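[1] Return a 3D structure for these sequence lines:
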Amino acid sequence: MVLSFILLLLHPVQAYEVDNFTGRSALVRDSIQVLDRKVNSILDRAARESRLESPGFCSLAVLRQEILRWIRPDPTGILELWLEFTDSIERTPVGVRTSVYRDVSFFESPIMRVFGIGRSFKLSGQVIGTDKIGHFFMQGLDFYDQVREGTPIEKVLDTEHGEDGLWGLGTSGVKSWADIAADYQGYLFWSRLVEGPRPYFRCSEEGEWERDANFTWAEYVNPAWDEALNCSDMKSGIRTKVDLELRNQGLNCPVDPTACEALMSLEFAGYLVSPVCRSKR
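    Below you'll find the model as predicted:
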């Protein structure tokens with residue numbers, strides 16, 4: 001545990017766990033318009049800067065670098081950090097002591113106690129944690145690079161997602177299936193960046209990246225991103241305390257059991273959907 005903790009501190013990642021239960025009913029305003037504009041402005045800026053960095057040549061490396069400049073963790077993703085503090089988005093005011101993880105001790109989850117709890121907000125009709133944005137872009141890019149290097153996406157989803165180790169059970173004590181669902185959708189985003197029938201960028205005859213499509217979260221966010229529907233696995237001690245707190249709130253996971261049927265219809269559902277939902281088929 002100590003080694004995993006040190007590695008996590010040294011490695012820039014999305015370290016938050018989130019509570020999609022507490023305060024979810026108070027979320028009214030959807031943030032999709034704000035976040036669509038934010039991402040599209042990042043993509044526009046990346047196109048402009050790439051033309052300055054590599055004039056007359058469409059460098060994919062430069063384009064990716066300019067996109068990641070505004071997203072890359074340092075140690076928390078810039079975009080994710082903005083989500084935590086901006087007044088443009090309605091979020092739940094949840095901290096560790098007011099969350100379903102309130103009774104989890106430092107020894108059970110030191111990462112949670114050090115980094116705290118990420119806040120939840122509504123995006124494209126779904127209640128998700130701010131951490132999912134970092135997962136979408138950063139772990140999604142890692143998935144894409146692994147597949148491009150020859151690893152089948154099924155193997156990446158099954159064994160390379162990290163939630164069983166450094167990014168999940170091995171440090172926070174929580175394996176988030178919703179994180180993996182966001183990772184996979186991020187993989188689809190990066191796969192479409194300059195490829196396929198509707199890429200976000202095309203190389204012009206002048207050798208410059210030009211925007212060819214607008215980004216919208218509506219094409220990627222789905223109920224599997226919601227940890228109150230796509231229930232996380234937890235170490236036994238943490239699970240006992242979280243289940244007790246949920247009962248105190250009059251809740252169970254999933255908060256809507258009928259959602260499991262929709263989750264199981266998703267592509268690669270066997271890799272993205274929690275055993276809890278899979279057992280309800």
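
[2] contacts, neighbours, all on C-alpha from now
    Will do.

[3] Export stretch 134-151 to PDB, keeping only CA atoms.
    Below are the C-alpha coordinates for stretch 134-151, written out as PDB (Å, rounded to 0.1, in the frame of the first residue of the first chain):
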ATOM      1  CA  GLY A 134      -9.900  13.300 -16.900                       C
ATOM      2  CA  HIS A 135     -10.500   9.600 -17.400                       C
ATOM      3  CA  PHE A 136     -12.200  10.300 -20.700                       C
ATOM      4  CA  PHE A 137      -9.200  12.300 -22.100                       C
ATOM      5  CA  MET A 138      -6.200  10.800 -20.400                       C
ATOM      6  CA  GLN A 139      -7.000   7.100 -19.800                       C
ATOM      7  CA  GLY A 140      -8.900   7.200 -23.100                       C
ATOM      8  CA  LEU A 141      -5.700   8.300 -24.900                       C
ATOM      9  CA  ASP A 142      -3.800   5.500 -23.100                       C
ATOM     10  CA  PHE A 143      -6.400   3.000 -24.400                       C
ATOM     11  CA  TYR A 144      -6.100   4.400 -27.900                       C
ATOM     12  CA  ASP A 145      -2.300   4.200 -27.900                       C
ATOM     13  CA  GLN A 146      -2.300   0.600 -26.700                       C
ATOM     14  CA  VAL A 147      -4.800  -0.400 -29.400                       C
ATOM     15  CA  ARG A 148      -2.700   1.400 -32.000                       C
ATOM     16  CA  GLU A 149       0.300  -0.500 -30.900                       C
ATOM     17  CA  GLY A 150      -1.500  -3.800 -31.500                       C
ATOM     18  CA  THR A 151      -3.300  -4.700 -28.200                       C
END
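
[4] buried ones in it?
    Neighbour-count burial for stretch 134-151 flags 134-144, 146-147 (criterion: 16 or more other C-alpha atoms under 10 Å).

[5] just curious, which of those is nearest to residue 236?
    residue 135 (25.0 Å; C-alpha to C-alpha).

[6] quick one: the closest one and residue 207, what's the gap?
    Going from residue 135 to residue 207 by C-alpha to C-alpha, to the nearest Å gives 31 Å.

[7] Check residue 33 too.
    On the measure of C-alpha to C-alpha, residue 33 and residue 207 end up 31 Å apart.
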